[in-house]
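1. need a structure here:
(chains A and B)
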Amino acid sequence: LAKTTQPISMDSYEGQEVNITCSHNNIATNDYITWYQQFPSQGPRFIIQGYKTKVTNEVASLFIPADRKSSTLSLPRVSLSDTAVYYCLVGDMGLIGAGNNRKLIWGLGTSLAVNP
Amino acid sequence: NAGVTQTPKFQVLKTGQSMTLQCAQDMNHNSMYWYRQDPGMGLRLIYYSASEGTTDKGEVPNGYNVSRLNKREFSLRLESAAPSQTSVYFCASSEGQRGTQYFGPGTRLLVL
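-> Residues are numbered from 1 along each chain as shown, chains lettered A, B, ... in the order given. Take a look at the predicted model:
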């Protein structure tokens, strides 16, 4: 079963690029990698998802090396409003079930503080 | 378009009491999920429903039951609450099983 590891916290300043890396050494062939953002007293919010190589959307980029044992969420030019907890999620929802012992594995989250 | 709504927002129970957490989504999603979030433990899947009429256990189902009432609604029931069930509970939905999950605002439950 994949287990994810992320840094507990990171500090940055407005306008900088922030890279958060998640390790998932036992990732399975069918697993996707998804990143979520969570603000206090709110539910997580989807940022980006990928399977391999690089994915980019309007808010972030996701870099996945060929061996897929890690992934890096890149936030360009962060602002104060990007202060939040960021979660790495590894798994294949299509295989979840009591009969096949698959799980969605959430990381413990990285608390990002963006300073003025 | 309210997205995913959860009721109640906050609840205090005594050990042994029962309650049902309600969740509804208005995005016509097929799949719905219940998670609990505890400090230092991250998010853990309790139960999920891949489509209307089906439910299945997640990582931590013991002490909980669920009902997929219709396509919109997915409830979580604690038959006999225990202090270990003190947590924040999140409901989520997605169009398909591999789709982006949309989360509700959460229910904070305290069991004394």
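
2. any chance you could map the strands in chain A?
-> Along chain A, the segments classed as strands by DSSP state E run A:9-13, A:18-23, A:32-38, A:45-50, A:53-56, A:61-64, A:70-75, A:84-91, A:105-106, A:110-115.

3. any chance of the ones you listed in TSV, plus mean pLDDT and mean neighbour count?
-> Glycine gets a C-beta too; all of them are placed from N, C-alpha and C. Output for those, formatted as TSV (pLDDT from 0 to 100; neighbours: other CB atoms under 10 Å in any protein chain shown):
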stretch	mean pLDDT	mean neighbour count
strand A:9-13	97	13
strand A:18-23	96	18
strand A:32-38	93	22
strand A:45-50	93	18
strand A:53-56	94	13
strand A:61-64	97	19
strand A:70-75	97	20
strand A:84-91	91	24
strand A:105-106	78	23
strand A:110-115	96	17
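
4. Just tell me which of those ends up closest to B:S87.
-> Across those, B:S87 has its closest neighbour in strand A:105-106 (14.1 Å, CB to CB).

5. Spit out the contact partners of the residue of chain B with the smallest separation from chain A.
-> The nearest approach of chain B to chain A comes at B:F103, 2.8 Å away (CB to the nearest CB). Counting by CB atoms under 8 Å, 6 or more residues apart in numbering or on different chains, B:F103 makes contact with A:Q42, A:G43, A:P44, A:R45, B:V4, B:F90, B:C91, B:A92.

6. Any idea what the residue lying closest to the second one once chain neighbours are set aside is bridged to?
-> Think A:G43. Of all residues not flanking A:G43 in the chain, B:F103 sits nearest, at 2.8 Å (CB to CB, 6 or more residues apart in numbering or on different chains). Beta bridges link B:F103 to B:A92, judged by DSSP bridges.

7. Right, I'll leave it there.
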